[in-house]
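In: sequence first, predicted coordinates after that:
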Amino acid sequence: MKVFFDTSVLVSAVIEQLPRHPAAHAAFVHHTNGENTACCSTHALAEAYATLTALPLARRISSDAALRLIETNFIPRLTVLPLDAADYAHSLRRVSALGLSSGIIYDALHLRAAETAGCERLLTYNLAHFTRLQSQHVLITIP
């Protein structure tokens, strides 16, 4: 199975202090081992860095630590899917046609990468956002 991870699941998978860590980590381990193919977008790596360095934890995650988490957990274990100008244009048209605004464009970019790569599932903790994007080809689920 080809599975796409959005940022909400990636970050939860590597930060034990987060309440969703157990399920996210289990899904990450399951889908990055064996016969599954796990993916994320280049955009997800940037979002993960931004999120990791801004988490309101007792011990903040430094920029160096965030980079290490990304380089040791995500890059070697995920197929990182690039987005090009056509993908951005498609995503902008999608959210505009649906009358959506603000940060949902970032979820549209994740969904575009998943659809283009032929992913069967997209794992997220932002179900409401992805459901509004009306994918015909990718099953949107939580871990």
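Out: Alright, I've got the coordinates. Residues are numbered from 1 along each chain as shown.
In: now the helix or strand of the chain with the lowest mean pLDDT: buried residues?
Out: Every helix and strand in the chain was compared by mean pLDDT, DSSP states H and E; the lowest is helix 127-132, with a mean of 95. Across helix 127-132, burial judged by 16 or more other Cβ atoms under 10 Å covers His129, Phe130. Using the backbone N, CA and C atoms, a C-beta is placed for each residue, glycine as well.
In: please begin residue numbering at 703 from this point
Out: In the new numbering, first residue 703, that becomes helix 829-834.
In: could you point out which element follows that helix?
Out: Following helix 829-834 in sequence order, the next helix or strand is strand 841-843 (DSSP states H and E).
In: quick check on the residue of the chain most remote from its centre: phi, psi?
Out: The outermost residue of the chain, judged against the average C-alpha position, is Ala760 (24.5 Å), by Cα atoms, centre = their mean. Note on Ala760: its backbone torsions stand at phi -60, psi -40 [degrees, to the nearest 10].
In: right, I'll call it a day here.
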